[in-house]
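Chemist: take a look and give me a structure for this.
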Amino acid sequence: FALDPGTLAGKSVEFTFINLNDRTNEGLRHPSLPLFSVQFHPEAGPGPHDLRVLFDEFLEMIRKL
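Modeler: Model prediction:
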């Protein structure tokens, strides 16, 4: 699946991750609502935890509810 960015033109959505190979969208967030998404598994295997910030952000959203 791929998101057509043109379908969200003028909407309250921020693109957060773009695939470097095919330029498709792999992440977005709403600027005022507590929601975001990614189209990949941020820690699919052992190794660096570069995207741990996504899990931290999710937990912070839950704590604020």
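Chemist: any low-confidence regions in this protein?
Modeler: 43-48 (pLDDT under 70).
Chemist: where do the strands sit along it?
Modeler: Here the chain has its strands, by DSSP state E, at 14-18, 25-29, 36-38.
Chemist: which of these is buried the deepest?
Modeler: Across the strands of the chain, averaging neighbours per residue (mean count of other C-beta atoms under 10 Å) puts strand 25-29 on top, at a mean of 18. All C-beta atoms are positioned from the backbone trio N, CA, C, and that covers glycine.
Chemist: which other helices and strands does that strand contact?
Modeler: The contact analysis (3 or more C-beta pairs under 8 Å, 6 or more residues apart in numbering; DSSP states H and E) places strand 25-29 against strand 14-18, strand 36-38.
Chemist: make TSV out of those strands and add distance to Met61.
Modeler: Compiled in TSV, these are given as follows (distance: least, C-beta to C-beta, whole Å):
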stretch	distance to Met61
strand 14-18	15
strand 36-38	8
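Chemist: nearest to Leu8, of these?
Modeler: strand 14-18 (8.4 Å; C-beta to C-beta).
Chemist: any idea how far that closest one is from the chain center?
Modeler: Distance, stretch centre to chain centre, for strand 14-18: 6 Å (C-alpha atoms, centre = their mean, to the nearest Å).
Chemist: that strand pairs with which strands, and in what direction?
Modeler: Strand pairing for strand 14-18, using DSSP bridges, gives strand 25-29 (antiparallel).
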